[in-house]
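Colleague: Task: produce atomic coordinates for the following.
(one chain, ligands or ions: 1)
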Amino acid sequence: MASFFVRVRKRLPLQMITRSVLYGLVLGVVCAGCQEQSEPANHAAAKSAVVMERPAALASESESAIAFADWMQACAKLPSNLRSGFRLPAKDLLPLKRFSELEVVLDRFFEWSTNGVMRSPDVWVGAPPAADEFFDASRVYFEPPAIPFQPFTQKLIVPADAEVFFHGDFHGDVQSLTGMLAWLNEQGYLNGFKILRPTTYLVFLGDYTDRGVYGTEVLYTLLRLKTENPERVWMTRGNHEDIGLTSRYGFIQEFVAKFGMDRAAIRKVSRIYDFLPVALYLGTGTDFIQCNHGGLEPGYDPAGLLAAPGETRFQLLGELRQVDFLERHPELVQSIPGSDRTRYSAMWRNFKPVSPIAPGLIGFMWNDFTLLGTEPAIGYDAGRGWVFGEAAARATLRAGSEGGRNVRAVFRAHQHSSAVNPMMRRLRSGNGLFRHWQENDTLPEADDARLRKTLDVREARSVPDGSVWTFNVAPDSVYGRNCGFTFDTFGLLTVRERFDQWSLRVINRE
Ligand SMILES: [Mn+2]
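Modeller: Here you go, the predicted structure:
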């Protein structure tokens, strides 16, 4: 793994890395870890090895944490990514002077992750993860002595009058996040980092870092929110919550520039991703929405997780059984055009992930959805993943719905393009929130004026059964610049006893 740490010293021409190069490099990282994992002798030795000190006992809030107002002020002084041309500001402007200031919240997060609600074997559906692997935050899956890669899903029951805020990709735009927090403070939902109302939840949909230079500040802010409201703030794992991607798309480069080349620190900050669910099923007990970064993962069946008694439950993904899913749904395969059908059928697998992308992509982190109802049931975007159309999405959501428990909709992010494309035009026209497969939306290349007449662009929107929603990326990014938007977007879902009364409000900030 030495090569991995050497590579990140070099300044990579990030925008120029092609997908195929990216994949080759990522596999290099991942496979080094995999060999260790499958080597019983090393594995046994690993159990007694001490790689890194366990997180120290928690310092009390007051002695270690930066005050909310100071943090907001420090972040407000940062030049935007676009104004600075994605260059780091002068050292004295950085809100975190040393890694130890970030480490305080990492340690607090590890303490909650390893000794909080997840630690009890009773909250796991199926076999709970091993104490000396999953819960040993000093060990990682991508470096020897390796632990298994063990992604998981989560169920969260919320009260029937819950208000749940959602935000899409930040990609190192900290002012998008602090702007949202300022709004939540103004509106009385938060006091500083602290949630005030018992029915308020915050859900972040992944891709916190990379591509903008304030990823460490985004993570610090999110982890302050999480650790001060651990049962009310949830972060899902995006495709960029993966050391294979952060080492190539800017975050580790940013981290090294800010804190120096510190392997233990890089390992530690990367370990937080393993405690973020790849999908969060949030709902009342009868109705759920699937909250995650990318798309559907047909190889995973959530029925057991949703049926388990209790308000907060977790389940290891284990083996993803995509082939089995398609065998149960031949109609989806039949609807794929002939030549693609042959190609695709060779690509579906039953597999146990050893990393977010190997031996196949985890759909929750990577997959996409088509835009129009007229597009094919299933497609494949090379280097990105499976693209689900309306029929396949509905079939997958229905397959996870059993015993009166229904997965009704998907709230996700993962959409950005550095050039205006049909998806970005829909996000721009829809004020940063797009519902796929809208009835009148039939022209893929329609312009903004046309889309604003066609799409649901209202502030308050109903949530139809089977709907899929994409939240826009933060604006201080090449996506904001190249796609011509400067507004930030978050959503407020109001949950009700009856699903047909749930509603989603779009909130925009300049
Ligand atoms: Mn993404």
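Colleague: Tell me the residue of the stretch 51-200 of the chain that sits nearest the ion?
Modeller: Nearest residue of the stretch 51-200 of the chain to the ion, counting by Cβ to the ion: D169, 6.0 Å away. C-beta here means a position set from N, CA and C on the backbone, and glycine is covered the same way.
Colleague: Wait, that residue touches G238, no?
Modeller: Yes. Contact criterion Cβ atoms under 8 Å: D169 and G238 qualify, at 7.0 Å.
Colleague: quick one: common contacting residues for the two?
Modeller: Common neighbours of D169 and G238, using Cβ atoms under 8 Å, 6 or more residues apart in numbering, are L205, G206, D207, Y208, A413, H414.
Colleague: Okay, and which of the residues you listed map to strands?
Modeller: In strands, defined here by DSSP state E, there are no members of the shared contacts of D169 and G238.
Colleague: Which members of the residues you listed are the farthest-apart pair?
Modeller: Pairwise distances across the shared contacts of D169 and G238 (Cβ to Cβ) peak at 12.6 Å, for the pair Y208 and H414.
Colleague: neighbour count winner among those two?
Modeller: Neighbours were tallied for Y208 and for H414 using other Cβ atoms under 10 Å; the higher tally belongs to Y208 (31 against 26).
Colleague: what does the stretch 351-500 of the chain have sitting close to the ion?
Modeller: Within the stretch 351-500 of the chain, the residues that sit near the ion (Cβ under 5 Å from the ion) are H414.
Colleague: Contacts only, for whichever residue of the chain sits closest to the ion.
Modeller: Nearest residue of the chain to the ion (Cβ to the ion) works out as H414 at 3.9 Å. Counting by Cβ under 8 Å, 6+ apart, H414 touches 168-169, 205-207, 238-239, 293-295, 366, 368, 470.
Colleague: go with 6 Å
Modeller: By Cβ atoms under 6 Å, 6 or more residues apart in numbering, H414 lies in contact with H293, G294.
Colleague: and if you look at the one 4 residues further on?
Modeller: When the contact criterion is Cβ under 6 Å, 6+ apart, the partners of S418 are V478, N482.
Colleague: three-state assignment of it?
Modeller: Three-state assignment for S418 (DSSP: H, G, I helix; E, B strand; the rest coil): coil.
Colleague: pLDDT score for it?
Modeller: The model reports S418 with a pLDDT of 86.
Colleague: Quick one: mean pLDDT for the helix or strand containing G244?
Modeller: For G244, the element it lies in under DSSP states H and E is helix 243-246. When pLDDT is averaged over helix 243-246, the result is 97.
Colleague: can you tell me if whichever helix or strand comes after that helix touches the ion.
Modeller: Remark: after helix 243-246, the chain's next helix or strand is helix 251-259, criterion DSSP H and E. No. Contact of helix 251-259 with the ion (Cβ under 5 Å from the ion) is absent, the minimum separation being 13.0 Å.
Colleague: contacting residues around helix 251-259?
Modeller: Residues outside helix 251-259 that contact it (Cβ under 6 Å, 6+ apart): V8, L88, F99, T209, D210, V213, G215, T246.
Colleague: how about a cut-off of 8 Å?
Modeller: Around helix 251-259, the neighbours that count as contacts under Cβ under 8 Å, 6+ apart are 8-9, 11-12, 14, 88, 94, 96, 98-99, 102, 172, 209-210, 213-216, 240, 243, 246, 262, 265-266, 269.
Colleague: And stretch 345-354, by the same measure?
Modeller: Stretch 345-354 is contacted from outside by 30, 33-34, 37, 141, 148-149, 151, 299, 317-324, 326, 333, 359-360, 362, 380, using Cβ under 8 Å, 6+ apart.
Colleague: hmm, back to that, check the contacts of helix 251-259 for burial and list the buried ones.
Modeller: Buried members of the contacts of helix 251-259, scored by 16 or more other Cβ atoms under 10 Å, are 8, 12, 88, 94, 96, 99, 102, 172, 209-210, 213-216, 240, 243, 246, 265-266, 269.
Colleague: The residues you listed in strands, which ones?
Modeller: Per DSSP E, the buried ones among the contacts of helix 251-259 never map to strands.
Colleague: still on that earlier bit, mind listing the shared neighbours of Y208 and H414?
Modeller: Residues touching both Y208 and H414 by Cβ under 8 Å, 6+ apart: D169, G238.
Colleague: Show me the strands in the stretch 251-400 of the chain, by range?
Modeller: Ranges of strands within the stretch 251-400 of the chain are 279-283, 287-291, 312-316, 320-321, 350-351, 368-369, 378-381, 385-388, based on DSSP state E, counting those that start in this stretch.
Colleague: Adjacent strands (with direction) for the last one?
Modeller: Spelled out, that is strand 385-388. In the sheet, strand 385-388 lines up against strand 368-369 (parallel), strand 378-381 (antiparallel) (DSSP bridges).
Colleague: Deepest-packed of those, please.
Modeller: strand 368-369 (a mean of 24; mean count of other Cβ atoms under 10 Å).
Colleague: What average pLDDT does that strand get?
Modeller: Strand 368-369 comes out at a mean pLDDT of 97.
Colleague: now do stretch 95-110
Modeller: Taken as a whole, stretch 95-110 has a mean pLDDT of 97.
Colleague: same question, stretch 177-184
Modeller: 98.
Colleague: Repeat that for stretch 78-92.
Modeller: Per-residue pLDDT over stretch 78-92 has a mean of 96.
Colleague: Now do the end-to-end distance for it.
Modeller: Start-to-end span of stretch 78-92 (Cα to Cα, to the nearest Å) is 10 Å.
Colleague: Could you check that stretch and say which residues are buried?
Modeller: The neighbour-count check on stretch 78-92 (16+ other Cβ under 10 Å) flags L78, S80, N81, L82, F86, L88 as buried.
Colleague: low-confidence ranges in the stretch 301-450 of the chain?
Modeller: Applying pLDDT under 70 to the stretch 301-450 of the chain picks out no residues at all.
Colleague: Tell me which stretches of it form helices.
Modeller: Along the stretch 301-450 of the chain, the segments classed as helices by DSSP state H, counting those that start in this stretch run 303-307, 322-328, 330-334, 338-345, 363-366, 390-399, 422-429, 448-454.
Colleague: just the stretch 101-250 of the chain next, same as before
Modeller: Assigned by DSSP H, counting those that start in this stretch, the helices in the stretch 101-250 of the chain fall at 174-186, 215-228, 243-246.
Colleague: what about stretch 211-227 and the ion, touching?
Modeller: No. Stretch 211-227 does not reach the ion (Cβ under 5 Å from the ion); its nearest approach is 9.9 Å.
Colleague: Restrict that stretch to CA atoms and write it as PDB.
Modeller: Extracted C-alpha coordinates of stretch 211-227, given in PDB (Å, rounded to 0.1, in the frame of the first residue of the first chain):
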ATOM      1  CA  ARG A 211     -13.900  18.400  -6.200                       C
ATOM      2  CA  GLY A 212     -14.000  21.400  -3.800                       C
ATOM      3  CA  VAL A 213     -11.300  22.400  -1.400                       C
ATOM      4  CA  TYR A 214     -13.400  22.600   1.800                       C
ATOM      5  CA  GLY A 215     -14.100  18.900   2.300                       C
ATOM      6  CA  THR A 216     -12.400  18.800   5.700                       C
ATOM      7  CA  GLU A 217     -14.600  21.700   6.800                       C
ATOM      8  CA  VAL A 218     -17.700  19.900   5.400                       C
ATOM      9  CA  LEU A 219     -16.900  16.800   7.300                       C
ATOM     10  CA  TYR A 220     -16.100  18.700  10.500                       C
ATOM     11  CA  THR A 221     -19.500  20.500  10.300                       C
ATOM     12  CA  LEU A 222     -21.400  17.300   9.500                       C
ATOM     13  CA  LEU A 223     -19.700  15.400  12.400                       C
ATOM     14  CA  ARG A 224     -20.500  18.200  14.800                       C
ATOM     15  CA  LEU A 225     -24.100  18.000  13.800                       C
ATOM     16  CA  LYS A 226     -24.100  14.200  14.000                       C
ATOM     17  CA  THR A 227     -22.300  13.900  17.400                       C
END
